[in-house]
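next one to model:
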Amino acid sequence: MPNQNGIDLGEFTGPALLLDSTLDDKGQAYEDLIWRQDPEDSFSDWKILITLSSGKDTEADDSDDSVATYHVHRNILARGTRKSEYFERLFKINLNTEEHTHGASKIDLTVPSAAASFPLMLDFLYGKNVFDDSAKPSIETVVALRHLSTYFGIRALYKLTAEYIKLNMMEDDSFEYLMQARLYQDEKLITAAAFEYAKKLSKSTDYFKRDDTGSYIIHHYDLEEEINSLDPDSFECVMESLSDLIQSEFYSFILMKYLQGLPAGQPFPE
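Numbers count the residues shown, from 1 in each chain. Next up is the predicted model:
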């Protein structure tokens, strides 16, 4: 574009630092985060091999037992406001470790949703908005990212997921949050989700009614399944919240229905 003096110096056409413009199948320009590019083109200097403790492989890389291999960049993982403190500590170690010798980290994750959400975690580290309005994440993904933010010490991602959950967790989806939190033994989230679920149960007219004898019965099959699928610790957490919200008769009914659904011989926590 010519300036006021009529001189045309052209537009900037060099490569971006983190993003590389390419064309999609419609001929429109889009940008790829560089960890998703060919590692030679992106000058990758580190590999992350993700495995699952179950030992079941999907999309294995070459002959190793990895679920997936990611070609990344140390300066992005360990620097900036979105950095991973896990990798920052790792890269500062000046030891002749196997990781430094091979330029790779092998990380075992125990929950499949964490492995599936790992690329989104990398997207976040490389600057992408992972919770944009155009692609609302599933509860499974949000809780997995919260777990990964703790595992890898990504404070900015932890804050983002916490704020997202506070804004979006409602009574109707609290059970799913509770189930996902249980997978990661996330006590804070279990307590918060249990409280929201207790509020749902406290609305007895929506899910419970009395029979001809005046006793409570559940008239919502899915809710009965939900209650019976809770592990004893999660159920106890729900009932602690529920005790302040309902009458003792209703409380006793829910407890009875849960105990009736327990497998024979399964103990209930004191």
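
number of residues surrounding Phe124?
Per other C-beta atoms under 10 Å, the neighbour tally for Phe124 reads 22. Any C-beta I mention is one placed from the backbone N, CA and C, and that applies to glycine too.

so who does it touch?
82, 130, 145, 154, 156-157, 160 (C-beta atoms under 8 Å, 6 or more residues apart in numbering).

quick check: buried residues in the host helix or strand of it?
Using DSSP states H and E, the element containing Phe124 is helix 112-125. Residues of helix 112-125 classed as buried by neighbour count (16 or more other C-beta atoms under 10 Å): 112-122, 124-125.

what comes up buried for the helix of greatest length in the chain?
If you go by DSSP state H, the chain has its longest helix at helix 187-202. Buried residues in helix 187-202, counted by 16+ other C-beta under 10 Å: 189-190, 192-198, 200-202.

where does the prediction get shaky in the stretch 101-250 of the chain?
By pLDDT under 70, the low-scoring segments of the stretch 101-250 of the chain are 133-134, 204-222, 246-250.

which residue ranges form the helices in it?
112-125, 139-151, 155-168, 174-183, 187-202, 204-207, 221-229, 232-242, 248-261 (DSSP state H, counting those that start in this stretch).

give me the angle between the fourth one and helix 221-229.
So the one you mean is helix 174-183. Helix 174-183 and helix 221-229 are oriented at 20 degrees to each other (axes from the mean of the first three to the mean of the last three C-alpha atoms, to 10 degrees).

need the residues that contact helix 174-183.
Contacts for helix 174-183 (C-beta under 8 Å, 6+ apart): 111, 113, 139-140, 143-144, 165, 169, 189-190, 192-194, 196-197, 199-200, 226, 229-231, 234, 238.

do you know how far Phe131 is from Glu98?
Separation of Phe131 from Glu98 (C-beta to C-beta, to the nearest Å): 36 Å.

who has more neighbours out of these two?
A direct count of neighbours by other C-beta under 10 Å for Phe131 and Glu98 places Phe131 higher, at 18 against 10.

measure that one to Pro232 for me?
33 Å.

do the same with His71
Distance from His71 to Pro232, by C-beta to C-beta: 44 Å.

out of these two, name the residue with the larger neighbour count.
Using other C-beta under 10 Å as the criterion, His71 and Pro232 rank with His71 on top: 19 against 14.

could you tell me the phi and psi values at the more buried one?
phi -100, psi 110 (degrees, to the nearest 10).

and if you look at Val130?
Torsion angles at Val130 (phi, psi; degrees, to the nearest 10) stand at phi -80, psi -10.

would you confirm that it contacts Pro137?
Yes. Under the criterion of C-beta atoms under 8 Å, Val130 makes contact with Pro137 at 7.1 Å.

one step back: and Asn75, which of the helices of the stretch 101-250 of the chain is closest to it?
The closest of the helices of the stretch 101-250 of the chain to Asn75 is helix 112-125. By C-beta to C-beta, the value is 11.1 Å.

and the closest one with helix 139-151, angle?
70 degrees.

how distant is helix 112-125 from the center of its chain?
Relative to the centre of its chain, helix 112-125 is centred 8 Å away, using C-alpha atoms, centre = their mean, to the nearest Å.

swap in stretch 151-169?
Distance, centroid of stretch 151-169 to centroid of chain: 9 Å (C-alpha atoms, centre = their mean).

buried set for that stretch?
Neighbour count says stretch 151-169 has 152, 154, 157-158, 160-161, 164-165, 169 buried, by 16+ other C-beta under 10 Å.
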